[in-house]
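Asker: Please find the sequence and the predicted model below.
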Amino acid sequence: MISAIRDFFELNFQLVLFAYGQVFFVLGLAVALQSRRHSRLELARSLRWLAVFGLTHGFHEWGLLLVPIQATYLSQDAVAFLIIVRTALLGISFAALFQFAADLVRDRWSWLVWVPIAITIIWILIIVFDGLVTRPGIGPWQQTASVWARYLIALPASLLAAWGLRYQAERQIRPLQLDYIYNMLRVAGLGLVAYALFSGFIVPYADFFPANFVNQTALVDLVGVPVPVFRSLIGLVLAVTVIRALEVFDVEVDRLIERMEVKQSLASERERIGRELHDGAIQRVYTAGLIIESARGKVEEESIVAQRLDRAMTALNEAIASLRAYMTDLRTEPSPLSLADGLRSQTNDPRLNTLLDINLELNLSESRSLNPAGTTHVLAIVGEALANAARHSQARHVTVRAEDANGGFSVEIVDDGKGFTTTKQATGYGLRNMRDRARLLGGELQIESEPGRGTRIKLIAPWEEM
């Protein structure tokens with residue numbers, strides 16, 4: 001039975017190598033495409049190294065398949081050079097995995113970030129010495145280099161990466177109550193432990209311990225299945241679990257947008273309450289005070305009625321003072337920036353740029369400006385439009401265009417999202433708030449959108465001070 005299994009894999013060994021390389025290449029490519037440079041999760045900072053590991057390791061395994069084919073028509077020196085490059089890719093891939101692991105635990109053991117570099121240098125010195133001094137030939141040299149790369153770099157890198165994933169899962173993912181992502185990272189950690197065994201401990205045969213006792217040849221004799229098959233299955237587990245775990249960035253984006261929307265809504269609600277206090281409650285209290293003051297002038301100075309009216313006036317004045325204090329606390333701080341600088345700052349916000357490709361086109365007069373409160377209203381409208389484009393419209397590209405227009409200015413936000421039917425959503429709170437701010441600016445807000453054709457929001461307002 002074992003002999004039949006061994007014969008089957010020997011006949012299909014090239015397919016095994018191709019699948020092996022493809023699994024790790026897909027892992028590296030997926031991680032590279034999904035990583036988030038501006039994410040606040042420490043896992044995101046480390047992922048670039050995991051991407052390098054997957055890509056270089058995939059190329060190394062494909063080299064095992066392609067170099068023997070090229071050896072049939074290339075010179076011996078050219079083939080030797082390709083073998084050296086393939087060996088270098090193996091060392092680079094394991095060093096990247098080690099750096100990934102060290103980055104995962106950087107906040108706990110910062111000194112570990114230098115260990116991968118030191119161990120990689122030691123490995124380079126060993127293989128250079130072996131190649132230049134003992135000169136056993138390119139084949140035996142490559143085999144010895146592979147053994148030492150696995151012992152010195154791959155074995156500790158895999159075990160440390162497994163522990164680092166568990167550490168990050170416990171520290172940053174579990175508090176978010178994302179159980180399926182937490183479980184994916186734990187499974188990925190177990191996969192790395194298995195990878196440490198089959199890639200870092202079970203190595204090609206060498207004439208020193210333990211490679212002369214535990215090696216790939218001994219495993220094939222025992223079970224009939226070559227080591228690349230086990231490594232391919234482990235790589236498949238790593239690819240699936242890591243790619244699934246990368247969904248944490250989508251969750252992070254959703255929560256970031258939600259916080260932006262909540263912050264915007266709270267600021268708008270505070271301003272609305274402040275306006276209602278000013279236009280409603282304070283004016284009514286002030287009117288009541290005038291009535292009492294008028295009545296006070298018609299009663300005798302020392303009468304009980306006069307004393308009570310005086311106390312009523314004092315209470316009303318205190319109420320007005322309290323309401324004005326509440327209004328001050330509720331008021332949003334005006335933006336200290338000019339309109340142009342505010343738009344540049346807003347569209348260059350790294351949090352927004354992780355969600356949208358934002359293009360800013362500015363053509364505003366440098367001699368005209370808004371007061372700080374007016375700038376705050378304009379930036380709030382733009383912020384609401386960008387948040388809607390990212391979350392509801394699911395746009396990828398947004399253009400923000402600001403220019404002078406008929407003695408005033410216009411700010412236009414155009415996205416390529418899925419759009420909406422304006423008659424159904426025109427009464428939404430966010431859109432109402434944008435229109436309220438446009439009215440406070442003495443301007444007009446135009447909203448144009450159709451399902452599947454994106455959204456266009458345009459503010460037209462005067463430059464005059466509010």
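Answerer: Received the coordinates, thanks. All values reported here derive from a predicted model rather than from experimental measurement.

Asker: which secondary structure element contains the nearest residue to Val229 once chain neighbours are set aside?
Answerer: Nearest residue to Val229, sequence neighbours excluded (CB to CB, 6 or more residues apart in numbering): Val16, at 5.7 Å. C-betas here are computed from N, CA, C, even on glycine. Element membership of Val16 [criterion: DSSP states H and E] is helix 13-34.

Asker: need the next SSE after that helix, C-terminal direction.
Answerer: helix 42-70.

Asker: The helix or strand hosting Val229 vs helix 13-34, what angle?
Answerer: Val229 is part of helix 227-245, with elements assigned from DSSP H and E. Counting by axes from the mean of the first three to the mean of the last three CA atoms, to 10 degrees, helix 227-245 points 20 degrees away from the direction of helix 13-34.

Asker: returning to that earlier point: confidence score at the residue nearest to Val229?
Answerer: pLDDT recorded at Val16 is 84.

Asker: To what extent is it buried, counted in neighbours?
Answerer: 20 (other CB atoms under 10 Å).

Asker: who's in contact with it?
Answerer: Counting by CB atoms under 8 Å, 6 or more residues apart in numbering, Val16 touches 9, 226, 228-229, 232.

Asker: list the helices and strands the helix holding Val229 packs on?
Answerer: Helices and strands touching helix 227-245, by 3 or more CB pairs under 8 Å, 6 or more residues apart in numbering; DSSP states H and E, are helix 13-34, helix 42-70, helix 179-195, helix 216-223.

Asker: For those helices, could you give me TSV that also reports distance to Ala402?
Answerer: Shown next, in TSV, are the helices and strands packed on helix 227-245 (distance: least, CB to CB, whole Å):
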stretch	distance to Ala402
helix 13-34	33
helix 42-70	32
helix 179-195	40
helix 216-223	65
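
Asker: First-to-last residue distance for stretch 159-178?
Answerer: One end of stretch 159-178 sits 24 Å from the other (CA to CA, to the nearest Å).

Asker: what's next to that stretch, contact-wise?
Answerer: Contacts for stretch 159-178 (CB under 8 Å, 6+ apart): 41-43, 46, 97-98, 100-105, 108, 112, 181-182, 185-186, 188-193, 196, 200, 248, 251.

Asker: circling back to that earlier point, tell me which of the contacts of Val16 is nearest to Thr120?
Answerer: The shortest gap between Thr120 and any of the contacts of Val16 belongs to Pro228, at 23.6 Å (CB to CB).

Asker: Please report how far that closest one lies from Val411.
Answerer: From Pro228 across to Val411, the span is 59 Å (CB to CB, to the nearest Å).

Asker: okay, the two: which has more neighbours?
Answerer: Comparing Pro228 with Val411 by neighbour count (other CB under 10 Å), the higher total belongs to Val411, at 24 against 21.

Asker: so Glu448 sits in a strand?
Answerer: Yes: counting by DSSP: H, G, I helix; E, B strand; the rest coil, Glu448 is located in a strand.

Asker: Nearest spatial neighbour of it, chain-adjacent residues omitted?
Answerer: Arg456 (4.4 Å).

Asker: again with Gln446
Answerer: Closest to Gln446 by CB to CB, 6+ apart is Lys458, at 4.4 Å.

Asker: just checking, that neighbour touches Ala405?
Answerer: No: between Lys458 and Ala405 there is no contact under CB atoms under 8 Å: 9.5 Å.

Asker: higher neighbour count, those two?
Answerer: Lys458 (18 against 15).

Asker: ok, what's across the strand from the more buried one?
Answerer: Counting by DSSP bridges, Lys458 forms beta bridges with Glu412, Gln446.

Asker: before we move on, the earlier item: which among the contacts of stretch 159-178 count as buried?
Answerer: Neighbour counting by 16 or more other CB atoms under 10 Å classes 41-43, 46, 97-98, 100-105, 112, 181-182, 185-186, 188-192, 196, 200, 248 among these as buried.

Asker: Ala169 versus the residue nearest to Glu247 when sequence neighbours are not counted, what's the distance?
Answerer: Using CB to CB, 6+ apart and skipping the chain neighbours, the partner closest in space to Glu247 is Ile181 (6.3 Å). Separation of Ile181 from Ala169 (CB to CB): 8 Å.

Asker: got the contact list for Leu343?
Answerer: Taking CB under 8 Å, 6+ apart, one finds 360, 362, 378-379, 382, 400, 402, 411 in contact with Leu343.

Asker: all strands for the chain, in order.
Answerer: For the chain, applying DSSP state E gives strands covering 357-363, 397-405, 408-415, 444-449, 455-462.

Asker: hang on, Arg456 packs against Ile413?
Answerer: Yes: using CB under 8 Å, Arg456 is in contact with Ile413, at 7.4 Å.

Asker: Counting neighbours around each, name which of the two comes out higher.
Answerer: Shown here are Arg456 and Ile413; by other CB under 10 Å, Ile413 has more neighbours (23 against 17).

Asker: Need the per-residue pLDDT for Glu252.
Answerer: If you check Glu252, the pLDDT there is 59.

Asker: before we move on, what about Arg270?
Answerer: Per the predicted model, pLDDT is 66 at Arg270.

Asker: now Gly91
Answerer: 94.

Asker: quick one: contacts for it?
Answerer: Gly91 sits in contact with 120, 123-124, 145, 149, 153, where contact means CB under 8 Å, 6+ apart.

Asker: Out of the residues you listed, who's the most crowded?
Answerer: Result: Ala149 is most packed of those (other CB under 10 Å), 28 neighbours.

Asker: That residue and Leu238, how far apart?
Answerer: For Ala149 relative to Leu238 (CB to CB), the value is 19 Å.

Asker: Alright, calling it a day.
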